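In: Build me a structure from this.
(chains A and B)
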Amino acid sequence: MSGVENVEPFGDGFIAALCPELIIFAGLILLIIVPNLGKGTVRIPGTQTRVMWFLGGERFKLTSNPRLPAWIATITLGAAFAQTILSFQDGVDRTAIVTDSGKQLMLVNGFSRVFELIFFGALTLAAFASMNRLEVKGVGPNLSTDDLYNNRRQADFYILMLTCGLGMSVVALAQDLFVLFIGLELASFSTYVLVAFYKETKAGTEAGMKYFIVGSVASGVGLYGLSMLYLWAGSLQFNVLAEQFVINGTDPLPLIAMGFVLVGFGFKVSAAPFHFAAPDAYAGASSPIAGILATASKAMGIIGLLRMLLIVAAPEASEDGTVWLTLLGILSLVTMTWGNIAALGSTNPKRMLAYSSVAHAGYMLAAITAIGAWNWDDSLAGDAGESAVAVLTALIFHLVVLVAFKLGAFLVLSILESDGDASRLSSLGGLAKREPFLGVAMFIFMISLAGVPPLAGFVSKLLVIMGIVKVAVGEIGAQIVAGGDLGLADVHWVWWLAFAMVINSAISMFYYLRIGVVMFFEEPEEGRGGPLPSGWQVRFAVLACLMVTLFMGVASDKLLEICEVAAQSLNYDWN
Amino acid sequence: MTDWISIPLVAFPLIASMVLLAFVSNGTERMRERLVAPIRMACLVFSLVMLTITTGMFFQYFGDVSWMNIAFNDYEYRTTYTWIESLGINWSVGLDALSFPMVWLTTFLLPVTIIATWNEKSGATYFPLLLMMGGALIGVFVSLDLFMFYVFWELTLIPMFFLILKWGGKDRKYASQKFFIYTFTASVVMLLGLITLYFLQDPYSLPSAGTMTGRSFSIPELIDSARASNVGDNWYLGAQMQKILFVMLMIGFLVKLPAVPFHTWLPDAHVQAPTGGSMLLAGVMLKMGAYGMFRLPISLFPHALYHFQLALMIIGMVSLVWGAIVCLGQTNLKKMVAYSSVSHMGVILIGIATMQPMGWAAALFMMFAHGIISPMLFAVCGAFKHHYHSMEIGAMRGMAKHSPWLATSMMFAWMASLGLPLLAGFVAEIMMLIALWHMISLDGWSIWWMVGPALVLALTAAYYLWSMQRTIFEGGEKGQPPANMVGHPIPDISNSEKFAMLIMAFFTILFGIMPWIGLDMMDDWTKQIFDGLIIFVGKGGA
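Out: Next comes the predicted model:
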């Protein structure tokens, strides 16, 4: 691996490094300007001459089309996504954005690229599918004011989508607490509004409000933690903080600060006990947005956790393992169990998916715990972080493919929502008869979430479990070969997290299968037997998700390689 | 050697059935009805081709194989392709005398099931599901890679889930979910065991180790390394670990088998499943449990097997006796047959637990014989239900008079299952008894262990004969059919059902009179495994 190439803001190589973000930024500007293009004129002061300046006034036919913002946003996000994929073609180089005083602000490497892939992929699909969700009340001069306002919402909605993507990728790039927080808040505020954007139901606004209040409290607590870190170390730089942690990481101040930070990011990944707003938010938001919350937003929270726990409070900071290990292990156990048990009892498919997303957060926390434990055994010194990389690869892979089957499930629900309602289990009734493609796709998403082979969800869950077991078992195999008689008591306790994961997968089977049963073998609700609302965009998005779910189950080699590069590049940072 | 397994026996049925299902489910109701006949015929032809291939394999038409001389941990038609290199996952298939009878059985049962349930409703999706089931089941038996094995192991659940859910009886939703969750729970525990086993390997010691993890999923390589270190009192992976892994793997297999007390999913699933589903479930799917035991825990952890011999023996005895006792109390014909399966699976466990070559051969032959007999039992139950609209034993009496074909098939199947000499089931049971005697006389076990099997011989005869008496011979009121059938013509079974029954009866007799056709290779395999697992050398009486 080559060393880091330093680039100053707007210096040489800046555009190449931040190309996806700049595309989003350009799209954002386009999105603000283009719908306002019209036959507007401006009077040159002091004269009677009016000059066309194309802003405002009567809109052109093209620019007054209310579908235009959706296409601009989709194409922008798609272009950013494509650009990210292309950047994998000839190996990702590591480029740091540094200030002239030498402070690292952002770092572009395999790690950030993979997460950009997740964010832009999820947002592209969601933006594309949303074309069938936001009502358009026709075009032309005969619209009422309300309808005009309704059409005007289109641009707002997609602007928020883009800012959300921008914020998330800034989080992925951040090398500095301040940049991290800016990105986090940019993305968070966009999602708060997006959740409340579903104003066809009362639940939308309420959910948005609830999500905003709880979210801002969590952000506030997190920010307080960040400020304490600054107080303690006198720097906002990750690498400075990490050095400080190695020296005196057992001070009470940074530990309390990390606890607060954990609250902030715990909310983002909807880990128990900070998950209470999540089911309400998911249920109240329109389904594509709920899908974003469950995939991209969660990935963003995971980045935060990875950076804070693995780079700043590095595992080798203290002698007997990592200070946060036990805490995070308990948190993971509680989260996965709580999520699954709560999902068992929920009769609203969106709440159920929300709780399933809580359970998935638990699995991810288990993976992070295992990474923290990777050097538990002295004999593992020769491992050189190999098992940490294995778990991290699995975690990243899980986040990537989660976009396919989690967002896909929400998109199917989105179609049902435009059909009337998707808040009861019975609204899925007879889906397989009404539209077999959607029924089959939903069933595949469900069993992929549960982790049934040969689907992507199985491979990702298997990899996470494998990673955890690898860390837990460590060099015990070699010791046994050397003649030792070792049992489970000698294996690191994270093994039991893997055990909890498999048992939880079995529990989760109950509610995932129930969806399948309802779709295939129950009659539709009264008056809902007819064909579902049309719209090829959302169906295309579902098809794309389905393809990825199936394909990544059997041919995950290429993606695994990319994820491994990503995992290693985080690891380099901390070694 | 040409790869006769991967595509024709596994990939093709799976892909073809998925394509058919996707094509059919997007069509209209009318199109689906018109497509039933061609799809059924296509599925029948596919399955007959598969049967031809496996039969040809048996007669050594394809390639230079010898079923009688396969050394332990050696496989015929072995083919390996790289799948996920970084984790050491390969697509690796092969057959030995343990898996080949099961593969042949699957290909044999597929066309028979299709013929026996020729007129099943919604045939356009039913027959492709059967085909998919067949492909997945064969996948389990031919896998020589743990990852692949697990994938197919779970894949079998999906078609069976839909078979029960769509074509099942009144409580099908409960039964199918119970079936799925029960076996899924057990197999994820098994999966964790497999992964722990994977990481306990010495890194980069095996040829097909993954480039990233340094460990291998290859079953033959694992068995080889286990065999190399299971010498004398040296336990592969150490005593504690071996015991833990043995238990974790056995949980998966015992639930699938199923053994008491993990058997409760089976009666529910069977009673609710359609005839075709039951035939494949009882015929092949239960044997996955026994197959898995031989392939993994027994081959890898013989010391632990010795350690848990008593526990296995007790579980086997309890399954045997408890299954038979519960059968006596059943009023539902299909439930009775389901519990009799539990009882027969107890025979397999006892055969394993005797730790005699004869006992293991008995277990292998029981897997095969029960695989032919139990589908016939369920075909009879299905025909009974189809014609008399009830499963209750008293619902139809005096069948001998008005439905001679069904009555004869029932009698034959019942007799075969209770172990009448000259029929296939008898061979396995008598071998198990002899092995038990060997164990008692050679290894010094108590003679009281014979009580269970002896009791069950009587109990089995009792519940089968009693149920026959109440259905075939006894007239309800002076030989009349029950009230709900009065005034209706009582049809006998259809021609396709007769044909299916005849085929199954033929093979039951064939393997009863000439058991050596299959038994020789099984016998040879058990000898090989006893020689191969060094700790067994010098043990065993036969």
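In: from here on, contacts and neighbour counts on C-alpha atoms
Out: Will do.
In: Pull out the buried positions in stretch A:552-559.
Out: Within stretch A:552-559, the residues that qualify as buried are A:Met552, A:Gly553, A:Ser556, A:Asp557, A:Leu559, counting by 16 or more other Cα atoms under 10 Å in any protein chain shown.
In: Could you list which of those also contact chain B?
Out: Here is what survives when the buried residues of stretch A:552-559 are matched to chain B using Cα under 8 Å from any Cα of the partner chain: A:Ser556, A:Asp557.
In: and which of the buried residues of stretch A:552-559 is nearest chain B?
Out: Relative to chain B, the closest of the buried residues of stretch A:552-559 is A:Asp557; by Cα to the nearest Cα it sits at 5.8 Å.
In: What residues does the stretch 1-150 of chain B have near chain A?
Out: Going by Cα under 8 Å from any Cα, the residues of the stretch 1-150 of chain B near chain A are B:Ser25, B:Asn26, B:Trp83, B:Ile84, B:Glu85, B:Ser86.
In: which pair in the buried residues of stretch A:552-559 spans the largest distance?
Out: The distance between the two most remote of these (Cα to Cα) is 11.1 Å, for A:Gly553 and A:Leu559.
In: ok so, going back, same list (the buried residues of stretch A:552-559) but as a markdown table, adding distance to A:Val538.
Out: Listed next are these as a markdown table, based on distance: Cα to Cα, whole Å:
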| residue | distance to A:Val538 |
| --- | --- |
| A:Met552 | 21 |
| A:Gly553 | 23 |
| A:Ser556 | 25 |
| A:Asp557 | 28 |
| A:Leu559 | 25 |
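In: Format the buried residues of stretch A:552-559 as TSV; extra columns: pLDDT and secondary structure.
Out: Listed next are the buried residues of stretch A:552-559 as TSV, based on pLDDT from 0 to 100; DSSP: H, G, I helix; E, B strand; the rest coil:
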residue	pLDDT	secondary structure
A:Met552	91	helix
A:Gly553	88	helix
A:Ser556	85	coil
A:Asp557	84	helix
A:Leu559	89	helix
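In: tell me how far the longest helix that chain A contains is from the chain's mean position?
Out: Criterion DSSP state H: the longest helix present in chain A is helix A:202-233. Distance of helix A:202-233 from the chain centroid (Cα atoms, centre = their mean, to the nearest Å) equals 17 Å.
In: After it, heading C-terminal, what element do we hit next?
Out: helix A:238-248 (DSSP states H and E).
In: by contact count, what packs against the longest helix of chain A?
Out: helix A:177-196, helix A:238-248, helix A:252-268, helix A:277-284 (3 or more Cα pairs under 8 Å, 6 or more residues apart in numbering or on different chains; DSSP states H and E).
In: looking at those helices, which is buried most?
Out: helix A:277-284 (a mean of 25; mean count of other Cα atoms under 10 Å in any protein chain shown).
In: Which members of the residues of the stretch 1-150 of chain B next to chain A occur in helices, if any?
Out: Checking the residues of the stretch 1-150 of chain B next to chain A against DSSP H, those in helices are B:Ser25.
In: is it possible to export the residues of the stretch 1-150 of chain B next to chain A to JSON lines including neighbour count?
Out: Output for the residues of the stretch 1-150 of chain B next to chain A, formatted as JSON lines (neighbours: other Cα atoms under 10 Å in any protein chain shown):
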{"residue": "B:Ser25", "neighbour count": "19"}
{"residue": "B:Asn26", "neighbour count": "15"}
{"residue": "B:Trp83", "neighbour count": "17"}
{"residue": "B:Ile84", "neighbour count": "18"}
{"residue": "B:Glu85", "neighbour count": "17"}
{"residue": "B:Ser86", "neighbour count": "18"}
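In: now, which of the residues of the stretch 1-150 of chain B next to chain A sits nearest B:Val36?
Out: Closest to B:Val36 out of the residues of the stretch 1-150 of chain B next to chain A is B:Ser25 (12.2 Å), distances taken as Cα to Cα.
In: surely the closest one meets A:Glu435?
Out: No. Look at B:Ser25 against A:Glu435 with Cα atoms under 8 Å: they stay out of range, at 9.2 Å.
In: Quickly, which of the helices and strands packed on helix A:202-233 bottoms out on average pLDDT?
Out: Among the helices and strands packed on helix A:202-233, helix A:238-248 carries the lowest mean pLDDT, a mean of 82.
In: where's that helix relative to the chain centroid, distance-wise?
Out: Chain-centre distance of helix A:238-248: 28 Å, with Cα atoms, centre = their mean.
In: helices or strands next to that helix in the packing?
Out: When contacts are defined as 3+ Cα pairs under 8 Å, 6+ apart, helix A:238-248 packs onto helix A:202-233.
In: List the buried residues in the helix it packs on.
Out: Under 16+ other Cα under 10 Å, the buried positions of helix A:202-233 are A:203-212, A:214-216, A:218-230, A:233.
In: Give the rounded mean pLDDT of it.
Out: On average, helix A:202-233 scores 90.
In: Give the closest residue to B:Phe58 in space, chain neighbours not counted.
Out: Counting by Cα to Cα, 6 or more residues apart in numbering or on different chains, B:Phe58 lies nearest to B:Trp67, which is 7.7 Å off, once chain neighbours are set aside.
In: burial measure for the one you found, as a count.
Out: Using other Cα atoms under 10 Å in any protein chain shown, B:Trp67 is surrounded by 22 other residues.
In: what residues does the stretch 301-450 of chain A put near chain B?
Out: Going by Cα under 8 Å from any Cα, the residues of the stretch 301-450 of chain A near chain B are A:Ala390, A:Glu435, A:Pro436, A:Phe437.
In: got a list of what the second one touches?
Out: Pointing back at A:Glu435 there. A:Pro531, A:Leu532, B:Asn26 (Cα atoms under 8 Å, 6 or more residues apart in numbering or on different chains).
In: which of these lies closest to A:Phe120?
Out: The shortest approach to A:Phe120 among those belongs to A:Leu532, at 28.2 Å (Cα to Cα).
In: Nearest residue to the residue in chain A that chain B sits nearest to in space, please, no chain neighbours.
Out: Chain A approaches chain B most closely through A:Gly477 (4.2 Å), counting by Cα to the nearest Cα. Once flanking residues are discounted, A:Gly477 sits nearest to B:Leu200: 4.2 Å by Cα to Cα, 6+ apart.
In: and the gap between that neighbour and B:Asn73?
Out: 21 Å (Cα to Cα, to the nearest Å).
In: Between those two, point out the one with more neighbours.
Out: B:Leu200 (23 against 19).
In: Quick check, central residue of chain A?
Out: A:Ala296 (1.9 Å; Cα atoms, centre = their mean).
In: ok, it touching A:Ala126?
Out: No. Assessed by Cα under 8 Å, A:Ala296 is found out of contact with A:Ala126, at 10.6 Å.
In: ok, the closest residue to chain A within the stretch 101-250 of chain B - contacts?
Out: In the stretch 101-250 of chain B, the residue that lies nearest chain A is B:Leu200 (4.2 Å; Cα to the nearest Cα). When contacts are counted by Cα under 8 Å, 6+ apart, B:Leu200 touches A:Val473, A:Glu475, A:Ile476, A:Gly477, A:Ala478, B:Leu237.
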